[in-house]
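Undergrad: curious how this folds, go ahead:
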Amino acid sequence: MGIWHRRSTRTDTGARLKKFRSKRKHQQGRTPTETLMGEPKRKTIDSKGRSKKTPAITLKYVNVTDPKNNQTTRAEIEDVENNPANMDYQRRKVITRGTIIKTTKGRAKVTSRPGQDGILNAILL
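TA: Just a heads-up that it's a prediction; the model follows:
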């Protein structure tokens, strides 16, 4: 069974709408890429137009920015402490935007979208 982003088959009041055309490729969706800790692994996905997406499946390192002196360094991810997006993600150690991670430099908050961009950036707390 696929994921589709298209018009609902029902109106706001619950009446059934008539289907006016078949499915289109641009309406197709996909399951979210849930980035985990581990050896760096990415995959290439076609997106609309000529562009490609490279979501990260697993990542080991993060680009950490220190807001005090505005310097960015590379650090290793030690643990996923908190994920406000989903309690299940927190239990499974899934990294998304807004996740609090423990690094070798200290605690940091993820500012990038690793499931979309394939890169992991964070700011020290």
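
Undergrad: just the residues contacting the longest strand anywhere in the chain, thanks.
TA: Longest strand in the chain by number of residues (criterion: DSSP state E): strand 71-82. The contact list for strand 71-82 (Cβ atoms under 8 Å, 6 or more residues apart in numbering) reads 37, 59-66, 90, 93-95, 99-105, 107-108, 120. Just so you know, the C-beta spots here come from the backbone N, C-alpha and C atoms, and that holds for glycine as well.

Undergrad: swap in 7 Å and give it another go.
TA: Under the contact criterion Cβ atoms under 7 Å, 6 or more residues apart in numbering, strand 71-82 has outside partners 37, 59-65, 90, 93, 95, 99-105, 107.

Undergrad: let's see which of those residues end up in helices.
TA: Among the contacts of strand 71-82, the members falling in helices (DSSP state H) are Gln90.

Undergrad: among the contacts of strand 71-82, which ones are buried?
TA: 37, 59, 62, 64-65, 90, 93, 95, 99-101, 103, 105, 107 (16 or more other Cβ atoms under 10 Å).

Undergrad: what are the ranges of the strands in the protein?
TA: 36-37, 41-42, 45-46, 52-53, 56-59, 61-66, 71-82, 100-103, 107-110, 121-124.

Undergrad: least confident of the ones you listed, on average?
TA: With a mean of 86, strand 45-46 has the lowest mean pLDDT of the strands of the chain.

Undergrad: what's the distance between it and the middle of its chain?
TA: 15 Å (Cα atoms, centre = their mean, to the nearest Å).

Undergrad: ok, stretch 90-108 next?
TA: 13 Å.

Undergrad: stretch 48-66 too?
TA: The answer for stretch 48-66 is 9 Å, by Cα atoms, centre = their mean.

Undergrad: now do the contacts for Ile101.
TA: Val62, Ile77, Asp79, Val80, Glu81, Ile95, Ala108, Val110, Ala122 are the contacts of Ile101 under Cβ under 7 Å, 6+ apart.
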